[in-house]
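> how would this look folded up:
(chains A and B)
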Protein chains: 2
Amino acid sequence: MAVKQVVVGIDIGGTNTVFGFVERQGNILAEDCLKTFHYDEIEVYVAALYEKIMVTRQKIKDSIEIIGFGIGAPMGNINKGTIEYPSGLPWKGILPLADIFKRHTNLPVMVTNDANAAAVGEMIYGGAKKMKNFVVITLGTGLGSGFVVDGKLVYGHDGFAGEIGHTAIRPGPSNRDCGCGRKGCLETYVSATGLKRSLLKVMADSIQPSELRKYSFEELDAKIIHDAALRGDPIALRAFQHTGRMLGFKLADVVAHTNPEAIFLFGGLALAKDLIFEPAKEYMEENLLSIYKGKVKLLPSELTTQNAAVLGASSLIWSVKEAES
Amino acid sequence: MAVKQVVVGIDIGGTNTVFGFVERQGNILAEDCLKTFHYDEIEVYVAALYEKIMVTRQKIKDSIEIIGFGIGAPMGNINKGTIEYPSGLPWKGILPLADIFKRHTNLPVMVTNDANAAAVGEMIYGGAKKMKNFVVITLGTGLGSGFVVDGKLVYGHDGFAGEIGHTAIRPGPSNRDCGCGRKGCLETYVSATGLKRSLLKVMADSIQPSELRKYSFEELDAKIIHDAALRGDPIALRAFQHTGRMLGFKLADVVAHTNPEAIFLFGGLALAKDLIFEPAKEYMEENLLSIYKGKVKLLPSELTTQNAAVLGASSLIWSVKEAES
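Model prediction:
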C-alpha cells in the first residue's frame, strides 16, 4: 500500500486547539482537539498537544508520512515562528512557538495567523486555486485578512501584513473603541461584535419595534441577529446593512492597494450570505475608482467545512513544498 | 572601447515628454524632451518621439547598445502596455502605447504609471536598494503610489495596483470632490492641489492674518505656500500640518495592508521636508497598530535629480533584465 503524505494542520484558538492529518487534496484522515485554556505554560501545552497528535496518529489505518506541521494562531509570525502578544490566549509576551514545537520533531514547523492560513488554504484547496492575486477576509469575533500577490502570501517586512481589521473607518477621536487600544478600527464595525454594536446603535436611533429589544448586549450574538433578519426584523436588517456597507467601503480601499482579482469572505458573518454580500458589494462598487469597477469578484470562501481553519493551517506546508519542487 | 548598455527612460507628462539614455548605475548619457500636447494623434506623437530619441542617440560619443525602452505614463498598464483613459494627456480611451512603439523597434518596451516607475527606480538606483518590502508615494498635482512586495513591484490582477490616491479619507457624501468623479479621495487632501484646498479651508475658518490672503486660488501654488510657511505664516503652517496629518492617517492604513519596511515620499511636496514629514510621521505613528509602532521608516526619496522620472521609467527594463539573469 502506498504511503500517504500528510501535513498536520493545527488551529490554535483561545478555547480549543483543533488539529487534523490533511492530505494534499484536502482530505482529513483523522482529527482531534485539546482545551487550550487548560495550560498555563506554553511548554506544557505544546508537549501535551504533540503527544495527543501522536496518539491520534495511531488511529489512522493507512500508512502515512507526516511532512510537516502548519499552525494558525492569533498574532502568529511566519518570519520568526512566534506568537506575539496574542489576545485571548493563556500566555503573554513573545512566544517562540515553532522553537518549542521543534523540541519534539525535526520536521518543518510553520506558524502564521489564522487569516493568512485561510488565504493559503483558499489557494491550495478552495476557490482561489487558479488565482494569483486575491484577498481573504476572515469574519469572526474580529476581522482578519490575508493578501496573495503574484501567487504568494504577502508577509511584509516584519511578518505582519494584512491587518486591515485595524485600518480606520474615519479619522478623529469620536469613534468606537477597539480592543487594540485605538479608535474606529474596521473590526469595530465589521465582525460578530461589530454587528452587535451596530445593532445597538440602530436600536438607539430608531423607534421601530424589534424582537431584539428584549436581548441584552451580552445575550446577543450574530446568529440571533441573523435569524431575526431572516424573519424580516427591521432593526436586524439595518444592522446587517450598516455592517456590509462599512465592509464595502474599506474593500474599495483594499482594491486600490493591491488590485486583486477576487476578495473572499470567510467565517461566521460570511454565512449570512446576501445580508452581508449585497450591501458590501454595492458599497464597494460605489466607492471603487472607475478603472476597477465591475472587475473585482466578491465571493464566499469555498473552505466551508467545519475544519476550514485546520485546512488553512496545513496549507502552509503544502504551499512551501510546491514552491520548492 | 567597451560598449555601454543603456535603457531609454521616457516620462510622459501632459506638457512635456522627457527621455534619457540611462546606464545601470543611473548615469544619464544624454537627454532631451518633446512637447506632448503638440500631437493630436498618438501614432504621430510616437513616431516623432522615436525619431527624436534616435537623433539624440547620435550625440552620444560612447559606443552604446540600447537594451530596451521603459515608459512611465499616467494610467500606464504594465500587463497590456496600454495607457487607459488618461486624464491630462491629449489622447482618449485605451491607447496601445507599447504596440505603437513596437512599430519602430524590436527591443522590449515596458509601460507603467509614473508612481510604479518611481518605486522600481527607488529599488534600482535609490534608497531602497537593499529593501524587499517598501512603498513609494509620489506627491505632485495628484498622489500616486507603488508597492514593492518581496522584491517585486505589485501590479495586481488588472495591472492597476497602487492607486491609494483614490482611497477615501472618510465615508459619506460630505467630502471634497475629486477629479476622478468620487468624493473625499486622499489626493484631494494630499497633493499640491490638496494643499491649496486645505489652505483655503484654514483661511475660511480662521481670522489670523496671512500674507496668502492676497492670492487667488489660481495664483497659489505649493511653492508660494511653502515659502510662506518657512517665513512662519500661521495659515500656511496649518495647511501643511493638515496635509501631513491626512497623509499620516492613511499611511497607517498602508502599513496594515502590506507591512513595509519603509515608505518613501517622492516629488514636489516631499521637498517641503519637516513641514510634511513631521505631521505625517506623528499621525502615522498615532494611528498604527501596536505591532507596527516605531518600525516603519518614513523617508525622502533618494531619486532627487531633475531626471528622477526618467530614471524610474528606465529602471523597469533593468529590473526585468536582472530578474532573468
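
> Tell me who's in contact with residue A:132.
Contacts of residue A:132 were listed using Cβ atoms under 8 Å, 6 or more residues apart in numbering or on different chains, and they are A:148, A:149, A:150, A:151, A:261, B:157. Just so you know, the C-beta spots here come from the backbone N, C-alpha and C atoms, and that holds for glycine as well.

> let me redo that: residue A:290
Contact analysis of residue A:290 by Cβ under 8 Å, 6+ apart lists B:85, B:180, B:181.

> ok, the first one touching residue B:95?
No. Under the criterion of Cβ atoms under 8 Å, residue B:85 makes no contact with residue B:95, lying 9.0 Å away.

> With neighbour numbers in mind, choose between those two.
Of the pair residue B:85 and residue B:95, residue B:95 is the one with more neighbours under other Cβ atoms under 10 Å in any protein chain shown, namely 24 against 15.

> Specify the beta-bridge partners of that one.
Under the criterion DSSP bridges, residue B:95 forms beta bridges with residue B:83.

> is it true that it touches residue B:81?
No. With contact defined as Cβ under 8 Å, residue B:95 and residue B:81 do not form a contacting pair (9.7 Å).

> Need the pLDDT of residue A:305.
Predicted confidence (pLDDT) for residue A:305: 69.

> Let me know how buried residue A:97 is, in neighbour terms.
Counted with other Cβ under 10 Å, residues neighbouring residue A:97 total 26.

> Identify the residues contacting the nearest residue to residue A:235 once chain neighbours are set aside.
Counting by Cβ to Cβ, 6 or more residues apart in numbering or on different chains, residue A:210 is the residue found nearest to residue A:235 once chain neighbours are left out, at 3.8 Å. When contacts are counted by Cβ under 8 Å, 6+ apart, residue A:210 touches A:203, A:228, A:233, A:234, A:235, A:236.

> Tally up the residues packed near the fifth one, please.
Other residues within reach of residue A:235, judged by other Cβ under 10 Å, total 23.

> Please enumerate the helices of the stretch 201-325 of chain A.
Secondary structure of the stretch 201-325 of chain A, counting by DSSP state H, counting those that start in this stretch: helices at A:222-230, A:234-258, A:274-287, A:308-324.

> Could you provide the ones you listed in JSON lines, with additional columns for mean pLDDT?
What follows is the helices of the stretch 201-325 of chain A, written out as JSON lines (pLDDT from 0 to 100):
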{"stretch": "helix A:222-230", "mean pLDDT": "96"}
{"stretch": "helix A:234-258", "mean pLDDT": "97"}
{"stretch": "helix A:274-287", "mean pLDDT": "96"}
{"stretch": "helix A:308-324", "mean pLDDT": "88"}
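
> Who does residue A:299 form a beta bridge with?
Those that pair with residue A:299 in a beta bridge, by DSSP bridges, are residue A:264.

> Could I get the contacting residues of residue A:300?
If you count contacts by Cβ under 8 Å, 6+ apart, residue A:300 has them with A:127, A:264, A:265, A:270, A:273, A:277.

> And for residue A:35?
Counting by Cβ under 8 Å, 6+ apart, the residues that residue A:35 touches are A:15, A:16, A:17.
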